[in-house]
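S.K.: Sequence and predicted structure below; questions after.
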Amino acid sequence: MLKKVRHFYEKYEIPLSYGSLFLGFIIDSFTLTRVDRMFDLFWVLGHVMTASIALIIFNKFYTKPKIKFLAELAIQFAFGGLLSACLVFYARGATLSYNWPFILILLTAFVCSEYFKKHFEKMALQVSFLFFALFSFSIFFVPVIIGRIGDIIFILSGIMSLIFISIFLAILYGTTKEKFKESRKYVFISIIGIFVSINILYFTNLIPPLPLSLKDAGAYTNIIKTNDGYVLEGEQNTFATLHGLRLKHFSYNDNIYVYTAIFAPANISIPIVHEWQYYDTTAKKWKTHSTIKLKIIGGRDEGFRTYSKSYSQSKGKWRVNVRTEPGALIGRVQFVVE
């Protein structure tokens with residue numbers, strides 16, 4: 001029976017692999033609802049453990065075709081599910097105009113997890129995929145569990161990822177000493193390279209600031225708070241304006257309000273800031289006009305709603321950076337005053 005299944009799989013490997021990969025992504029898009037939901041987090045953690053165990057079995061029983069085939073299927077399922085979940089969560093929390101590099105890296109890893117399958121016999125490649133997915137997951141898993149966010153929590157996420165991968169490598173070495181020795185140099189180079197790269201992406205604000213995410217944001221001519229929420233007056237948001245792909249235009253005499261709805265896990269309540277900046281055409285750089293401190297309370301699916309207003313806007317390009325108090329960029333609202 002297993003032989004027939006294997007023959008069928010090998011015959012239709014490409015359509016089956018990519019079909020199941022993208023079907024899994026579509027299912028994850030609908031079933032993974034909140035980054036702080038325990039079922040979702042432990043579902044992803046289950047994929048981490050499955051991938052780790054399957055990789056150990058794959059390398060241990062490399063010379064036994066039946067066991068190797070089953071382990072390979074488990075690896076394919078686990079990596080596909082793990083990278084798919086990370087892509088879903090990060091895409092939801094991203095503003096494409098400036099988070100696109102990390103989203104592109106995740107998407108590439110997601111697609112290439114199938115493309116590089118024939119090269120998966122190389123231990124360094126196996127470990128690279130596992131560590132990248134593990135670190136990406138830890139970035140939002142650790143803050144949700146601890147109930148805090150910030151640079152220290154990110155560093156802690158990196159340390160925990162290194163501890164996990166070290167335990168994994170110790171077990172891998174214990175089960176496949178000779179094979180591990182052959183790849184040891186490239187394994188450690190890949191881990192160091194991925195660790196440094198993700199740190200650079202984080203501290204340059206290119207990684208979406210999960211578990212926070214900007215659900216809605218925009219500039220309006222007036223905001224009225226009612227018992228049912230907020231009435232936003234002016235041009236309404238589109239996908240293009242929300243992601244900074246098209247700018248709203250205001251008259252010099254308009255009142256300008258910036259509205260944001262920020263999702264945070266239920267156990268996280270933090271101060272955020274609206275940093276109003278204008279582009280100085282003489283100095284050719286952005287200058288801060290004002291910084292307004294606000295507070296958000298986590299738990300609301302649609303995000304905690306708040307707004308700010310700045311006075312005496314000069315003509316030209318404006319942007320409002322939505323940041324955590326330590327400075328992590330959550331999102332950005334851009335517009336033009338004419």
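M.R.: Cool, the structure landed.
S.K.: hey, let's count contacts and neighbours off CA atoms from now on
M.R.: OK.
S.K.: in the longest helix that the chain contains, what's buried?
M.R.: Criterion DSSP state H: the longest helix present in the chain is helix 65-93. Within helix 65-93, the residues scored as buried using 16 or more other CA atoms under 10 Å are 68-72, 74-93.
S.K.: tell me the average confidence for it?
M.R.: The average pLDDT for helix 65-93 rounds to 83.
S.K.: Name the SS class of Ile200, please.
M.R.: With DSSP: H, G, I helix; E, B strand; the rest coil as the basis, the three-state label of Ile200 is helix.
S.K.: how close does it get to Pro143?
M.R.: As for Ile200, its distance to Pro143 is 19 Å (criterion: CA to CA, to the nearest Å).
S.K.: now swap in Gly331 and tell me
M.R.: 19 Å.
S.K.: Looking at these two, which one has more neighbours?
M.R.: Higher neighbour count among Gly331 and Pro143: Gly331, with 31 against 23, using other CA atoms under 10 Å.
S.K.: Can I take it that the more buried one is in a strand?
M.R.: Yes - per three-state DSSP, Gly331 lies within a strand segment.
S.K.: Who are the contact partners of it?
M.R.: Gly331 is in contact with 94-95, 214, 321-323, counting by CA atoms under 8 Å, 6 or more residues apart in numbering.
S.K.: neighbouring contacts of the host helix or strand of Val48?
M.R.: If you go by DSSP states H and E, Val48 is part of helix 38-60. With contact meaning CA under 8 Å, 6+ apart, helix 38-60 is reached by 32-35, 67-68, 71-72, 74-75, 78-79, 81-82, 85, 126, 130, 134, 137, 141, 168, 171-172, 175-176.
S.K.: Now do the same for Val258: its pLDDT.
M.R.: Reading off the model, Val258 has pLDDT 92.
S.K.: Checking it next. Helix, strand or coil?
M.R.: Classification of Val258 by three-state DSSP places it in strand.
S.K.: Next: Asn253.
M.R.: coil.
S.K.: Give me the distance between it and Ile224.
M.R.: Counting by CA to CA, the gap from Asn253 to Ile224 is 19 Å.
S.K.: Equivalent analysis for Gly81, please.
M.R.: When distance is defined by CA to CA, Gly81 is 43 Å away from Ile224.
S.K.: Show me the shaky parts of the stretch 101-250 of the chain.
M.R.: Residues of the stretch 101-250 of the chain meeting the criterion pLDDT under 70: 113-120, 240-245.
S.K.: And the helices in it?
M.R.: 123-146, 151-175, 177-203, 239-242 (DSSP state H, counting those that start in this stretch).
S.K.: Redo those helices as CSV? Include distance to Thr63.
M.R.: CSV is the format used below for the helices of the stretch 101-250 of the chain (distance: least, CA to CA, whole Å):
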stretch, distance to Thr63
helix 123-146, 15
helix 151-175, 14
helix 177-203, 12
helix 239-242, 52
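S.K.: Between those helices, which one is closest to Trp100.
M.R.: helix 177-203 (11.1 Å; CA to CA).
S.K.: what packs against the closest one?
M.R.: Using 3 or more CA pairs under 8 Å, 6 or more residues apart in numbering; DSSP states H and E, the elements in contact with helix 177-203 are helix 123-146, helix 151-175.
S.K.: burial of Gln236, as a residue count?
M.R.: Gln236: 12 surrounding residues under other CA under 10 Å.
S.K.: need the contact list for it.
M.R.: Each residue near Gln236 by CA under 8 Å, 6+ apart is listed here: 218, 220.
S.K.: Could you rerun that using 7 Å?
M.R.: Under the criterion of CA atoms under 7 Å, 6 or more residues apart in numbering, Gln236 has no neighbours.
S.K.: if I look at it, how far off is Ala217?
M.R.: Distance, Gln236 to Ala217, using CA to CA: 10 Å.
S.K.: again with Tyr259
M.R.: Going from Tyr259 to Ala217 by CA to CA gives 5 Å.
S.K.: Then Ile26?
M.R.: As judged by CA to CA, Ile26 and Ala217 stand 26 Å apart.
S.K.: higher neighbour count, those two?
M.R.: A count of neighbours by other CA under 10 Å puts Ala217 above the other of Ile26 and Ala217, at 23 against 13.
S.K.: Any idea what the closest residue to that one other than its chain neighbours is bridged to?
M.R.: Excluding its sequence neighbours, the residue lying closest to Ala217 (CA to CA, 6 or more residues apart in numbering) is Thr260, at 4.2 Å. Beta-bridge pairing for Thr260 (DSSP bridges): Ala217, Thr306.
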